[in-house]
Structure formats: C-alpha cells, structure tokens
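Q: give me a model of this one.
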Amino acid sequence: MKVTAYPVKGKAKSEDICEAFAVGCGGAVARGSPELLPGAAFFYGVDDSNLHLWRQAKAEGVSRTFLYCDNSYFDSTRQTYFRITRGRLQHTGYGTSDGERFRALGIEIAPWRVAGDHVVICPQSEHFMRAIVGFKGDWLRETVAALSEITERPLRIRHWNRDKTKAAAGLGADLEGAYALVTWSSAAAVTALLAGVPVIVGGDCAAAPVAGRTVFKLEKLPRKPREEWCGVLADNQWTIAEMADGTAWRALGTVAQQWFFEEHG
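A: Modelled structure (predicted):
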C-alpha cells in the first residue's frame, strides 16, 4: 500500500516529519499537488497550502485511507514525540498496553482531585475547529453559555496561543485549585488528567475513555484508573527517528496489514 505525505508548504518541521515517515514506510513526499495521489495520505499540519488535499481525504471517507500526525499526547514530551493515527485526529484512547513506553517517559500520575473551585476552558484555534474538525458553530461561546446555566463556579478561559510551549507552561498555574477542565480535544485534557483534574471533552479526543462527555454532568465527572490509558497513548506516539527507521510503521502493524489486504484482496 503506497503512502504519500503532503507537507505544509514552507514549514521545516512538516517537511522533516513527512520525509521521515515516508522513508520509514517506503512511501513518498508530494509537494504542491493539486489532488491526492493514489494510495494512503499522510499529513503533519494543514494550512492553505494543503487544505484542499485534507478536504479531499475527508470527503472520500472509507475509500481513502489517511494518517494524521500531530504533536505528542503529553506536553512534557512535545517536540520529541509525535502522535500518528489512521482515519482520526487522535487515538481513541482505548486498548491495552504493557506500559513500557509510558514508564520510560518518567511522567507521574497524580491522585484524583476531589475538590476545586474554578473550571478551566481550553478552546482551540478557529482554523482547527473549522478546517480540520469541521465544527459549524462557536464552540467557546456555546460552552460558556452552557456552563453558565448549570454552575456558579468561576470560568477561567485559556485563549488559544500559537506558541504551544508557552501555552503549556502556563497551564499548570490555571490547573491549581481547578475543579475541572473543559475542551474539545486539546492536549490540555491529558495534562489535566495527569494532574488529577477531571475533564470534559467534546470531540474525538484521546482523553475520552477517562473523561466526561457533556458539561451537563459537571458535578458527576468520572475518576477512572489512568495507568493503562496513559500506556496506550505512549504506545501511539513516536520520535522522528522512530518514524525514519520504520519503528512507527511497524508499530502500526495490523493497520499496515489491513491496508495490504484491502489493496490486494
């Protein structure tokens, strides 16, 4: 099954990641293509230069396999690890893991918090919500309105910041004394869960297995075990070197085989 990567024009990181993944899976990199080439499509980053290709991949549904790559599930490993999923923006978060890759990260899981005052709201960029997710409304406005009707807890909005490192650095302070965090699918949900803060997510988010799914259950948020869930996420993110040497492609294992049989019968 041929895989073609479509990098964002002029972005070195997108070029590097697309090149590495293509080398590791025996694929190719296409630049400035007016339409998708036959086979699977790989994306790291979507902007005006490759948005038409992303929309084509989404529009073709099950007839077009696509892989979406983005930053690490864990803020502390950002710029080192990158997640890759097939046909989704994030892994489902479900599955089993031996926990080895997660333990190697040295990340601690704090006990669940049983009290808190404010609710942290983490909107994502308008470009992400409209172009990538296809959300039609105003998520932040709708979320604030819904929460304002059901709780008197202070709402602390963390407006989207292009500088992800700076944004991640300030999240810890906002989580201090927080009762919960609400987002669509931001990695902030994972950070909050590691800190013991319950979360609510709205989209296809990797945090879903251990998160609430509606703001209307704000006072009854789940506090489930997180160890194996963390292991599953760590098993589904790789370094650029692991992409280039084929580790990531081999780890996708059964997915690669499924593509082969879909292609060859």
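Q: please parse this protein into its domains.
A: 3-91+236-264, 118-230 (automatic domain parsing).
Q: pull up the distance across the shortest one, start to finish.
A: It refers to domain 118-230. One end of domain 118-230 to the other measures 25 Å (Cα to Cα, to the nearest Å).
Q: so who does the spatially most central residue of the chain touch?
A: The centroid of the chain falls nearest to Gln90 when counting by Cα atoms, centre = their mean (4.2 Å). When the contact criterion is Cβ atoms under 8 Å, 6 or more residues apart in numbering, the partners of Gln90 are Asp70, Tyr73, Arg83, Ser185, Asp204, Cys205, Ala206. Heads up, the C-betas are built off the backbone N, CA and C, glycines and all.
Q: just name whatever secondary elements the helix or strand containing Thr4 is in contact with.
A: Using DSSP states H and E, Thr4 falls within strand 3-5. Packing partners of strand 3-5 (3 or more Cβ pairs under 8 Å, 6 or more residues apart in numbering; DSSP states H and E): helix 12-25, strand 28-29, strand 40-44.
Q: flag every buried residue along it.
A: Across strand 3-5, burial judged by 16 or more other Cβ atoms under 10 Å covers Val3, Thr4, Ala5.
Q: now that strand: average pLDDT?
A: For strand 3-5, mean pLDDT is 97.
Q: and if you look at stretch 170-184?
A: pLDDT averaged over stretch 170-184 gives 95.
Q: chain center to it, what's the gap?
A: Mean-position distance between stretch 170-184 and its chain equals 18 Å (Cα atoms, centre = their mean, to the nearest Å).
Q: which residues sit against it?
A: Looking at what lies outside stretch 170-184 - Cβ under 8 Å, 6+ apart - the contacts are 75, 113, 115-124, 129, 133, 135, 139, 143, 147, 153, 156, 158, 188-189, 191-192, 195, 197-203, 205, 212, 215, 218, 221.
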